[in-house]
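Chemist: need a structure here:
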Amino acid sequence: MQINSFYEPDSGTWTHLLAEPASKSAAIIDPVWVFDPVSGIADSAFIEEVLEVANQAGWRIEWVLETHAHADHLTAADLVKQRTGAKTACGRGICAVQENFSKVFNMSNVQTDGSQFDRLLAEGDIINLGGLQIRVMETPGHTGDSVTYLVEDAAFVGDTLFAPAFGTARCDFPGGDAGQLYDSIRKIYALPQDTRIFLCHDYPKGEEDPIRQITVAQSLAENIHLRNETSREEYIAMRNGRDSQLGLPRLILPSLQVNILAGATPEPEVNGVTYLRTPFNQSIADLIKGV
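Modeler: This is a model prediction of the structure:
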């Protein structure tokens, strides 16, 4: 198993390239499509770098694996699929995410059955990648569709856990639940202590290098939000209180319009141009409720 990780600084996101060199099989986990919300321009240079590394190594991209529907960056899943023929997969909870956010953006023509993805994943599912087996562990809480991918000694956890100094994911998005997140993190903490946790995000200060991986033991001992001694009640109170003070991610509105479509863009309008919508003077919560 070989893991190459690529850091996208604008969103603070890690994209991971997982390969089994013997079979030349590879998967991309959480691919980023860089987007400038001011100009409306999407830049594929970052994901092209990932694809070029795979190409130079002679690896076939067979899967694009999403840990969840991201709210802070656009996924490049569809772009990778079009370039490589890879299949796309995400957690089965995506259907509820699609249901919620199709209401937010009045995307009445969007199917909310997850059919935009090639495979919807549930607890215990296996994805074969050459001689590797990638096992799926459902880890909801940050979002209802969050999953962790387990392969040999590695766990790709999405936003569920951050580096110890940054703690854990927020739970105030539709479908989020702090109690569920606590339980999900405890599942991760029950893995072998030397399991390598590959992160989806890091936010280094100054000249610091971003952290791409930690161990279960390190997070269990040092995570500022949830350590070995943290009770479920303490965690829920902390998480809910903290989340009530947080603003929305800068790219949540453009990201979710694309990400619920597995990285495809909305259909062009009659002038041939694709548009992303911004609800005017309405909260996401109210739009989901139909207020």
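Chemist: contacts, neighbours, all on C-alpha from now
Modeler: OK.
Chemist: just the strands in the stretch 51-200 of the chain please.
Modeler: Per DSSP state E, counting those that start in this stretch, the stretch 51-200 of the chain carries strands over the ranges 60-65, 74-75, 87-91, 119-121, 126-129, 132-138, 147-151, 154-156, 196-198.
Chemist: I'd like those strands laid out as JSON lines, including distance to residue 247, mean neighbour count and mean pLDDT.
Modeler: JSON lines is the format used below for the strands of the stretch 51-200 of the chain (distance: least, Cα to Cα, whole Å; neighbours: other Cα atoms under 10 Å; pLDDT from 0 to 100):
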{"stretch": "strand 60-65", "distance to residue 247": "28", "mean neighbour count": "24", "mean pLDDT": "98"}
{"stretch": "strand 74-75", "distance to residue 247": "19", "mean neighbour count": "28", "mean pLDDT": "98"}
{"stretch": "strand 87-91", "distance to residue 247": "26", "mean neighbour count": "24", "mean pLDDT": "98"}
{"stretch": "strand 119-121", "distance to residue 247": "30", "mean neighbour count": "19", "mean pLDDT": "98"}
{"stretch": "strand 126-129", "distance to residue 247": "36", "mean neighbour count": "17", "mean pLDDT": "98"}
{"stretch": "strand 132-138", "distance to residue 247": "27", "mean neighbour count": "20", "mean pLDDT": "98"}
{"stretch": "strand 147-151", "distance to residue 247": "24", "mean neighbour count": "25", "mean pLDDT": "98"}
{"stretch": "strand 154-156", "distance to residue 247": "26", "mean neighbour count": "22", "mean pLDDT": "98"}
{"stretch": "strand 196-198", "distance to residue 247": "26", "mean neighbour count": "25", "mean pLDDT": "98"}
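Chemist: among these, which is nearest residue 287?
Modeler: Checking the strands of the stretch 51-200 of the chain against residue 287 by Cα to Cα gives strand 74-75 as the closest, at 21.4 Å.
Chemist: who does that closest one pair up with?
Modeler: As defined by DSSP bridges, the strand partners of strand 74-75 come to strand 32-36 (antiparallel).
Chemist: in the partner strand, what's buried?
Modeler: Within strand 32-36, the residues scored as buried using 16 or more other Cα atoms under 10 Å are 32, 33, 34, 35.
Chemist: for stretch 224-231, same thing?
Modeler: 224, 225, 226, 227.
Chemist: avg pLDDT for it?
Modeler: Model confidence over stretch 224-231, given as mean pLDDT, is 97.
Chemist: repeat that for stretch 173-184.
Modeler: pLDDT averaged over stretch 173-184 gives 96.
Chemist: closest one to residue 216 out of the buried residues of stretch 224-231, please.
Modeler: Distances from residue 216 to the buried residues of stretch 224-231, taken by Cα to Cα, are shortest for residue 227, at 10.5 Å.
Chemist: now do the same contact list for the closest residue to residue 76 other than its chain neighbours.
Modeler: Distances taken as Cα to Cα, 6 or more residues apart in numbering put residue 33 closest to residue 76, at 4.6 Å, once the chain neighbours are dropped. By Cα atoms under 8 Å, 6 or more residues apart in numbering, the residues touching residue 33 are 42, 43, 44, 46, 47, 73, 74, 75, 76.
Chemist: could you pick out the buried ones from the residues you listed?
Modeler: By 16+ other Cα under 10 Å, the contacts of residue 33 give 46, 47, 73, 74, 75, 76 as buried.
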